[in-house]
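# Test case, fold it:
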Amino acid sequence: MGNFRDRDNECSRLTSGAPLAVILAAGLYIIYQLLPVLELIAIAALIALVLRTLLRFLQKLVKSQDVAVLLLIGLIIGFGVLLTTVVIPNVTFQVQNLLTTLPAYLNTLTGDVEQLRRKFTFIPDISLSLIQLRNFINQLLGGVPIFFESSLQLYAGIGGDTNFSSIYGLRS
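Reported below is the predicted structural model:
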């Protein structure tokens, strides 16, 4: 009986005070290091839940599991086709509009702020900040055609001789 009390006493020493804090800190550190993996597992679980729910709904509609699976595969392929034929060209068009209109808009905004500042002295001088913002956005947006070009090359498996910027009329 003395051994049981010694074990209980040793266990209580490990689960109180500083040893407990060390154990908790080690556990939290392990969970923190596994966070990227846990995020992927959570996303995969959510996708699996959505697909399972959709499959059950389709199975109720068609009364056959095989047909429901084929319909689900068709829906996934249709969504991929929709994404590549409708969404990606619209995003490309919007990026092109942004690249062409944003610098002119920032120049106009800088001029308007200067005019307002001349008329009303209480308006602070933000022209330097606007110029810095314009330069930052020009640098940021200057990389968009390069990003699209490299993405297109990776997607299509082509060499470096294709110029995405000239194909879509984007300026670099």
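# Mind listing what's buried along whichever strand or helix holds Ile88?
In this assignment (DSSP states H and E), Ile88 forms part of helix 88-119. Judged by neighbour count using 16 or more other C-beta atoms under 10 Å, the buried positions of helix 88-119 are Thr92, Val95, Gln96, Leu99, Leu106, Thr110, Val113. No exception for glycine: its C-beta is placed from N, CA and C like everyone else's.
# State the distance from the first one to Leu46.
Using C-beta to C-beta, to the nearest Å, one obtains 29 Å as the distance from Thr92 to Leu46.
# Repeat that for the second one.
In this structure, Val95 and Leu46 are 29 Å apart, going by C-beta to C-beta.
# cool, the fourth one as well?
Computed with C-beta to C-beta, the distance linking Leu99 and Leu46 is 35 Å.
# Equivalent analysis for the fifth one, please.
Counting by C-beta to C-beta, the gap between Leu106 and Leu46 amounts to 40 Å.
# mind listing what Gln65 touches?
Gln65 makes contacts with Gln59, as judged by C-beta atoms under 8 Å, 6 or more residues apart in numbering.
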